[in-house]
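Participant: The sequence and its predicted three-dimensional model are supplied below.
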Amino acid sequence: MFRTKPKSTFYKSHPLSLLIKILVWAAIFITAFVLLFIIAYIFVKGIRHFSLDFFSLHYNSENVSVLPSIITTIYMIFISLLASLPFGIGCAIYLTEYAKETRFVKYIRVTTETLSGIPSIVYGLFGMLFFVTYLKWGFSILAGSFTLSIMILPLIIRSAEEAIIAVPDTFREASFGLGAGKLRTIFKIVLPSAMPGIFAGIILAIGRIVGESAALIYTAGTVAKIPVSGMDSARTLSVHMYALSSEGLNTDKAYATAVVLVALVILINLLATTITKKVGNKQYE
């Protein structure tokens, strides 16, 4: 019988494998170090500038409150996902379950890849010309949200498509064998099994929404107030941080805003990860 070498002696007899192992661990260490350093630097520079006035309900030049921007960011996330998820998941279902490799399908894939590589400032200019000017929405939450929904649409399509493709064909065959139709199989078997991968794409989309500033300056505006309706102009956390740092008068508050932004992203990621695990565990119960 052939005996495999223990892992402890494998790298000793293969110098190239040892080199690759060292490079992989070095890459992991450098990545983790850079991430932790950035987070620690932001928290050290920003937390000391926290105060009760910084979370006041109303913004003014003295407290430069971040609370209106937090509420606006949550509005933006909700409206953008509400506008993009049905189209993104629907397109992924069509591409994976119904479409054949025709010229039209290839055109859709190329268009999706092209949209994912367009700079955000171009999306901002398009949103300003179409939503703000042509549709006469003005600088508003709706204009900014719909611009962001177009930005994250390719990401949602690709992540949902890969998640649906990863579902084993045996699941579909078993459903068909029990007499279920195509549509019932998709919504009762395929989509629930693909939910963890779809949620991963949603997490990435939320991260892009929260961190976007260039496109929102041209569409949502920079008014620092709590929006009453979708047609009101407002600023998100990233735009608020950019405004404070560019003015040069409240740089310390810009660091404090960065802390809030990072904390919000971490909180959303933890919440989405928890939901993903619960959905996955429920699926296999």
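Facilitator: Received it, and whenever you're ready, just let me know what you need.
Participant: Just the element for the residue most central in space within the chain, please.
Facilitator: Compute the mean C-alpha point of the chain, and by C-alpha atoms, centre = their mean the closest residue is Ala205, 2.1 Å away. In the assignment (DSSP states H and E), Ala205 maps to helix 191-211.
Participant: just checking, what packs against that helix?
Facilitator: helix 67-93, helix 141-165, helix 237-247, helix 251-283 (3 or more C-beta pairs under 8 Å, 6 or more residues apart in numbering; DSSP states H and E). No exception for glycine: its C-beta is placed from N, CA and C like everyone else's.
Participant: hang on, the earlier thing: ok, the closest residue to the residue nearest to the centre of the chain other than its chain neighbours - how many residues close by?
Facilitator: Residue nearest to Ala205 in three dimensions, not counting chain neighbours: Ile152, with 4.1 Å by C-beta to C-beta, 6 or more residues apart in numbering. For Ile152, the count of nearby residues is 26 (other C-beta atoms under 10 Å).
Participant: again, but for Ile157
Facilitator: The number of residues packed near Ile157 is 27, by other C-beta under 10 Å.
Participant: That one and Glu97, how far apart?
Facilitator: In this view, Ile157 and Glu97 are 14 Å apart by C-beta to C-beta, to the nearest Å.
Participant: can you check Asn63 too?
Facilitator: Asn63 is 53 Å from Glu97, by C-beta to C-beta.
Participant: Check Gly179 too.
Facilitator: As judged by C-beta to C-beta, Gly179 and Glu97 stand 18 Å apart.
Participant: State the pLDDT value of the closest residue to Leu204 other than its chain neighbours.
Facilitator: Spatial nearest neighbour of Leu204, excluding adjacent residues (C-beta to C-beta, 6+ apart): Leu155 at 5.8 Å. pLDDT for Leu155: 90.
Participant: So Leu155 sits against Gly207, correct?
Facilitator: No. The pair Leu155 / Gly207 is not scored as a contact, 9.7 Å apart, by C-beta atoms under 8 Å.
Participant: Compare the two and say which one has the larger neighbour count.
Facilitator: Leu155 (20 against 16).
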